[in-house]
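K.L.:
here you go, sequence then predicted model.
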Amino acid sequence: MPKKLKIGRELGESLTLGIELVVPTLLCAFLGYLADKNFGTFPVIMIIGVFLGAAGGFWNVVKRFIRGRRN
């Protein structure tokens, strides 16, 4: 495999891992914010959403890492 192609693939995988961590966290935080706004409990549900989103994103990264190690 050419060196440029290998570097591009590794860069793409790294960016994907970053996105897989950030997007679930932001999405759950936003949904928690909306729920807090609706129920008047700001910031309780949003904080729970941040932690759940971060845990879900981290779990996705761990699963991808395990799959990569098998191949």
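P.N.:
Thanks, I have it.

K.L.:
when you work out contacts or count neighbours from here on, use the C-alpha atoms and nothing else.
P.N.:
Noted.

K.L.:
for Thr41, which three-state class applies?
P.N.:
Following DSSP: H, G, I helix; E, B strand; the rest coil, the label given to Thr41 is coil.

K.L.:
what about the spatially most central residue of the chain, distance to Gly32?
P.N.:
Central residue of the chain (CA atoms, centre = their mean): Leu21, 2.3 Å from the mean position. As judged by CA to CA, to the nearest Å, Leu21 and Gly32 stand 17 Å apart.

K.L.:
Thr16 now?
P.N.:
24 Å.

K.L.:
these two: which has the busier surroundings?
P.N.:
Gly32 (22 against 13; other CA atoms under 10 Å).

K.L.:
my read is that that one contacts Thr41, right?
P.N.:
No. Contact criterion CA atoms under 8 Å: Gly32 and Thr41 do not qualify, at 9.9 Å.

K.L.:
and whichever strand or helix holds Lys63, what does it pack onto?
P.N.:
Lys63 is part of helix 44-70 when elements are defined by DSSP states H and E. For helix 44-70, the contact count by 3 or more CA pairs under 8 Å, 6 or more residues apart in numbering; DSSP states H and E identifies helix 3-39 as packing neighbours.

K.L.:
quick one: the helix it packs on to chain centroid distance?
P.N.:
Its chain's C-alpha centre and that of helix 3-39 lie 4 Å apart, by CA atoms, centre = their mean, to the nearest Å.

K.L.:
tell me the mean pLDDT for that helix?
P.N.:
Helix 3-39 comes out with an average pLDDT of 91.

K.L.:
mind listing what's buried along it?
P.N.:
Leu17, Glu20, Leu21, Pro24, Thr25, Cys28, Ala29, Phe30, Gly32, Tyr33, Ala35, Asp36 (16 or more other CA atoms under 10 Å).

K.L.:
adding distance to Phe65, write these out as a markdown table.
P.N.:
A markdown table is the format used below for those (distance: CA to CA, whole Å):
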| residue | distance to Phe65 |
| --- | --- |
| Leu17 | 9 |
| Glu20 | 12 |
| Leu21 | 13 |
| Pro24 | 18 |
| Thr25 | 19 |
| Cys28 | 23 |
| Ala29 | 25 |
| Phe30 | 27 |
| Gly32 | 28 |
| Tyr33 | 31 |
| Ala35 | 33 |
| Asp36 | 34 |
